[in-house]
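Asker: Sequence plus the predicted model coming up.
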Protein chains: 2
Amino acid sequence: MAEEGKKILIADDEPDILEIIKFNLQLHDHEVETAKDGDQAIEIAKKFKPDLIILDIMMPKKNGIEVCKILRSLPEFQDTIIVFLTALNDELSHVKGLEFGADDYLNKPISPKVMVSKVNSLFRRLNKQEQSRILDFGDLKIDPDQYVVYFKGQSISLAKKEFDLLHFLATKPGRVFLRNEILNEIWGSEVIVGDRTIDVHIRKIRQKLGIECIKTVKGVGYKFDL
Amino acid sequence: MAEEGKKILIADDEPDILEIIKFNLQLHDHEVETAKDGDQAIEIAKKFKPDLIILDIMMPKKNGIEVCKILRSLPEFQDTIIVFLTALNDELSHVKGLEFGADDYLNKPISPKVMVSKVNSLFRRLNKQEQSRILDFGDLKIDPDQYVVYFKGQSISLAKKEFDLLHFLATKPGRVFLRNEILNEIWGSEVIVGDRTIDVHIRKIRQKLGIECIKTVKGVGYKFDL
DNA sequence: CAAACCTTGTAAGAATTTCGTAAAATTAAC
DNA sequence: GTTAATTTTACGAAATTCTTACAAGGTTTG
């Protein structure tokens, strides 16, 4: 993996979680410091100058949002990646989090594997100066980095073609894509697939998501619309 | 980055959000003013003459849509970019937003980085004169990308032929199209359809829209006219 | 002026197209 | 070799599109 030797600060008040995350990130050659409350997080951040800061929302002294606000107001932390750890159903703090200058969020509980992959994709993004590629429609979130769709916090696993299709349509919500455009984008111009293939995939997406987010425009194509 | 030194006005009733957005846009060499309600937004806009105005939908005094309507009615704000901030799930105001002359909308919550990149891409779009293909006749808007017609904010779904026909006529408002021209454009020169076919489609369009926007010119053809 | 003529509007329904669905067949992944 | 993903096939349902037949105007002509 290209992304190594980065400095990462994790702030959480649960020592067990700190240990697990730290251990896993160190395995991937990252340099990790930990903080157990908000004040300590700020203090260490200033000395340690991490590339990435992972902040639990609920912490003693200062909570994650306050820490983020304070750090973001300092010029030296403008380009630091800040990520929030939020409890699953805590939609509110997640919302506030992004408003207050976070770059992304991670839902608790989080497996070490997902954590590591997230962290790496965040670094990749930073290097390329890219913004988050997550398409966020409220209840529905489409994350092309993880190839996962979230609906009301629940992750829904789509097959590759299904995901590609949904993601493609969702890049321009409301816009109708012709069957040809879809074929070209998802299958490529040289591959020839039958007429009903698109329909079948659309059907599976609708089935799995359980909501009408893809609308049919008869005689024209499909569009993503909530 | 090419787009710098623009004047931006942000209106939102949450001071924290104003601060963070302002800070981040200033970092990118934009000149930023803020307003905390609708009335103030209008007042400052008149003095400050911003290139871009970001309006929260939900604001005290006057909401974002009202502010937009008022500003758009003034000649000096015809070419100003106006963007709405909408809470997630608030599809209605999003639709209304575009109805009332906004150029784009941003979903809350929005991270500063996304915000900055959006703002820059908006300026880029303006410079390149990239524009949507929406035909705008006030109450009536025809959007060939969405394949949807809006009448007074209500979206009206037309079948493909109906939409194509309306859109074709509306591309040159007032101009009369001969039946032959219409047949050639919508059906193609090789397809042969009966005499009454056009009439029937015209009828359905009139029925669905509920207004007389297509006028008959007897012995000649049809024209789009409001 | 009225009859014949021409053009368009309207309603109903037939014909056609397009899409959704289930299930089977094929392909790829593990 | 088993499982999952993808594609094809076949068919029915639904929506669209088109035709037909006639009505309602208007215009021309005798």
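Answerer: Sure, I can see it.
Asker: Which residues are in contact with the nearest residue to residue A:185 once chain neighbours are set aside?
Answerer: Closest residue to residue A:185 apart from its sequence neighbours, by Cβ to Cβ, 6 or more residues apart in numbering or on different chains: residue A:168 at 5.3 Å. From N, CA and C alone the C-beta is placed, and that goes for glycine too. If you count contacts by Cβ atoms under 8 Å, 6 or more residues apart in numbering or on different chains, residue A:168 has them with A:177, A:182, A:185, A:186.
Asker: wait, is the first one part of a helix?
Answerer: Think residue A:177. No. Assessed with DSSP: H, G, I helix; E, B strand; the rest coil, residue A:177 is strand; it does not lie in a helix.
Asker: What about residue A:207, how many residues nearby?
Answerer: 9 (other Cβ atoms under 10 Å in any protein chain shown).
Asker: How about residue A:219?
Answerer: 11.
Asker: how about it, secondary structure?
Answerer: coil.
Asker: So what's the residue count around the residue lying closest to residue A:224 once chain neighbours are set aside?
Answerer: Computed as Cβ to Cβ, 6+ apart, the closest residue to residue A:224 that is not its neighbour in sequence is residue A:169, at 3.9 Å. Using other Cβ under 10 Å, residue A:169 has 27 neighbouring residues.
Asker: And for residue A:71?
Answerer: Residue A:71 has 20 nearby residues by other Cβ under 10 Å.
Asker: got the contact list for it?
Answerer: Per Cβ under 8 Å, 6+ apart, neighbours of residue A:71: A:42, A:45, A:53, A:77, A:80, A:82.
Asker: Which strand or helix spans it?
Answerer: helix A:64-72 (DSSP states H and E).
Asker: top strand in chain A by residue count?
Answerer: strand A:81-87 (DSSP state E).
Asker: quick check: domain ranges of chain A?
Answerer: A:7-130, A:160-224 (automatic domain parsing).
Asker: what's the most buried one of those?
Answerer: Highest mean neighbour count of the domains of chain A: domain A:7-130, a mean of 18 (counted as mean count of other Cβ atoms under 10 Å in any protein chain shown).
Asker: What parts of chain A come near DNA strand C?
Answerer: A:179, A:196, A:199-200, A:202-203, A:206, A:216-221 (Cβ under 7 Å from any atom of the strand).
Asker: try it again with 10 Å
Answerer: Residues of chain A found near DNA strand C (Cβ under 10 Å from any atom of the strand) are A:159-160, A:178-179, A:194-204, A:206-207, A:214-222.
Asker: among these, which are within reach of chain B?
Answerer: Filtering the residues of chain A next to DNA strand C for proximity to chain B by Cβ under 8 Å from any Cβ of the partner chain leaves A:217, A:218, A:219, A:220.
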